[in-house]
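# show me how the following folds:
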Amino acid sequence: MSNLERRPTLTSSADPAPAVLAEPEVLTAREVDLGEGMPVRRLLPKRGHTTIGAWCFVDHFGPIDTVAPVRHGLRVPPHPHTGLQTVTWLVEGTVLHRDSIGSEQLIRPGQLNLMTAGRGIAHSEESPPERPPLLHGVQLWTALPRGSDRVEPVFDHLPELPTAATGGMRLTVLMGELLGAASPARTFSPIVGADIAIDAATDDDLPLRPGFEYGVLAMSGRAELHVSGHGVTVEPGRMVYLHPGSTHVGVRSTGPARLLLLGGEPFGEPIVMWWNFVAHTFEEIAEAHADWRAASSRFGEVAGYPYGPRLEVPPLPPGRLRPR
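Below is the predicted model of the structure:
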C-alpha cells in the first residue's frame, strides 16, 4: 500500500509538535480510499507526530475480501519512492511485488518484504489471481537518515524471522531486537518492529528501551497498555504513542489480539514527506517530482505489471515546492 492520494498532504517534521506529555497519547487513524473498495487506516504521519523513531508512515488495511463480487483485489500501478524503506507485513492473504531492479516476489503471512528505495526505485503491488480471499496487514515506511538516503536501491525478502515469547504473548521481530531476538532485516537507524500475537487472556510486561519512543497499534482485538502509571486501550483504528523514558509497558488482554510494536530513537533530522517521496529538503522533493514526470532513468521501469500504465505524479502543492 503506497500513497495513492491525488492531493497528498505535504508533511514536515518542522510542523509544530504538541506539548510533551508523560502519559500515553492516542493517535486516531484517518481512512484513505485506495480505490476499488480498498480502504486503509492511516495512522502515521500525524500532525505533531511525523515520525516514531524512523517510522514515518503506517497504513493498516483489512481484513477485506478480495474475491467478492466486483472486487479484483489489490492493484497498485508502478510508482516511485525515494529516501525510505517500505516494509510489508501480512496477517492474511498474499501480495505480489515487482520493482525496477528486477525483483518479483510473492509475500505471505509471516514473511517480510523490505525495499530500500535510497536514491530512487519504482515498484508495483497486486493481488495474484490465485489467492486466499482475505487480505489483512500493514504497510510501513522508515525514513533514511542523511548519508543513507542516496544509497543504491535494494530489495530483501525474509521468509523466516526470529521469534520470542513472554507470558501469553508470542512475538515475531520484524526489524531490530526485542527479548533477545534480533531480526536480520537491514536497518539504517536504531529501530524495532515486532508483531505481538495474543491467543488468550494475558497480563504481562514488555521491556522498552528508555531512549526509544514507541507506537503500538492493534491489528485485531483490543488490549490495555499500562506505562508510567497510566492506562489506555488500543484497538483497530488507534495507535498509542509512548514517550521516551519508560523501561517497560504492561499489556493486558481479556482475549485474542494482534498488536504491532514500532519504536526507535527519536529521528534527529528534519524530513519532508510528500506523495511517495521522503527527503530532507523541499528541493529534493521537487527534484524527484520532476524526474518521475520526465521518466528519467533514476527510477527505472517495472516490468510485468498487467493492469495498466504507471501512476502519474500529482501536481506539486503551491508555495515552497516549484516544478523544475
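# how about the spatially most central residue of the chain, secondary structure?
The chain has Leu140 as the residue nearest its centroid, 0.9 Å off, counting by C-alpha atoms, centre = their mean. Three-state assignment for Leu140 (DSSP: H, G, I helix; E, B strand; the rest coil): strand.
# test my guess that it contacts Val58.
Yes. Counting by C-beta atoms under 8 Å, Leu140 does reach Val58; the two are 5.7 Å apart. All C-beta atoms are positioned from the backbone trio N, CA, C, and that covers glycine.
# joint contacts of those two?
Leu262 (C-beta atoms under 8 Å, 6 or more residues apart in numbering).
# where does the prediction get shaky in the stretch 201-324 of the chain?
For the stretch 201-324 of the chain, applying pLDDT under 70 flags the ranges 320-324.
# all helices for it, in order.
282-293 (DSSP state H, counting those that start in this stretch).
# all strands for it, in order.
Along the stretch 201-324 of the chain, counting by DSSP state E, counting those that start in this stretch, strands occupy 202-207, 213-220, 223-227, 230-234, 238-242, 248-253, 257-264, 272-274, 277-279.
# so how far is stretch 277-285 from its chain's centroid?
Between the centre of stretch 277-285 and the centre of its chain there are 19 Å (C-alpha atoms, centre = their mean, to the nearest Å).
# quick one: contacts of that stretch?
Outside stretch 277-285, the residues touching it (C-beta under 8 Å, 6+ apart) are 56, 80-84, 141, 143-144, 146, 149, 269-272, 274, 288-289, 316, 320-321.
# how about 7 Å then?
Under the criterion C-beta atoms under 7 Å, 6 or more residues apart in numbering, residues 56, 82-84, 141, 143, 146, 149, 269-272, 274, 288, 320-321 lie in contact with stretch 277-285.
# please apply the same query to stretch 226-238.
By C-beta under 7 Å, 6+ apart, stretch 226-238 touches 22-24, 26-29, 41, 60, 216-220, 222-225, 240, 242, 246, 249-250, 252, 259.
# I'd like the average pLDDT over stretch 102-118.
In this model, stretch 102-118 has an average pLDDT of 98.
# just the endpoints, please. Distance across it?
16 Å (C-alpha to C-alpha, to the nearest Å).
# go on, stretch 287-304?
From start residue to end residue, stretch 287-304 stretches across 27 Å - C-alpha to C-alpha.
# now that stretch, how far from the chain's geometric center?
The answer for stretch 287-304 is 23 Å, by C-alpha atoms, centre = their mean.
# likewise stretch 226-234?
Distance, centroid of stretch 226-234 to centroid of chain: 24 Å (C-alpha atoms, centre = their mean).
# got the buried residues for it?
Neighbour counts using 16 or more other C-beta atoms under 10 Å place His226, Val227, Val232, Val234 of stretch 226-234 among the buried residues.
# columns distance to Gly176 on top of those, output as CSV?
Output for those, formatted as CSV (distance: C-beta to C-beta, whole Å):
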residue, distance to Gly176
His226, 23
Val227, 19
Val232, 23
Val234, 20
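# which one among those gets closest to Val154?
Val234 (33.2 Å; C-beta to C-beta).
# for that closest one, give its distance to Gln105.
Distance, Val234 to Gln105, using C-beta to C-beta, to the nearest Å: 31 Å.
# kindly report the same for Pro210.
Pro210 is 37 Å from Gln105, by C-beta to C-beta.
# do I have it right that Ser148 meets Phe188?
Yes. Contact criterion C-beta atoms under 7 Å: Ser148 and Phe188 qualify, at 4.4 Å.
# rewinding a little: who does the residue nearest to the centre of the chain bridge with?
Using DSSP bridges, the bridge partners assigned to Leu140 are Val58, Val87.
# tell me who's in contact with Glu23.
Neighbour list for Glu23: Ser228, His230 [criterion: C-beta under 7 Å, 6+ apart].
# again, only this time at 8 Å
Per C-beta under 8 Å, 6+ apart, neighbours of Glu23: Ser228, His230, Val232.
# what do you get for Leu112?
Val87, Thr88, Trp89, Asp156, His157, Leu158, Leu161, Leu174, Ser183, Ala185.
# touching, the second one and Ile107? I think so.
Yes. Checked against C-beta under 8 Å, the pair Thr88 and Ile107 is within contact range at 5.8 Å.
# find the residues that touch each one of these two.
Common neighbours of Thr88 and Ile107 (C-beta under 8 Å, 6+ apart) are Val95, His97, Asn113.
# mind giving me JSON lines with those residues and columns for secondary structure, neighbour count and distance to Gly48?
Shown next, in JSON lines, are those (DSSP: H, G, I helix; E, B strand; the rest coil; neighbours: other C-beta atoms under 10 Å; distance: C-beta to C-beta, whole Å):
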{"residue": "Val95", "secondary structure": "strand", "neighbour count": "23", "distance to Gly48": "31"}
{"residue": "His97", "secondary structure": "strand", "neighbour count": "21", "distance to Gly48": "32"}
{"residue": "Asn113", "secondary structure": "strand", "neighbour count": "22", "distance to Gly48": "30"}
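# among the contacts of Leu112, which ones are buried?
Val87, Thr88, Trp89, Leu158, Leu161, Leu174, Ser183, Ala185.
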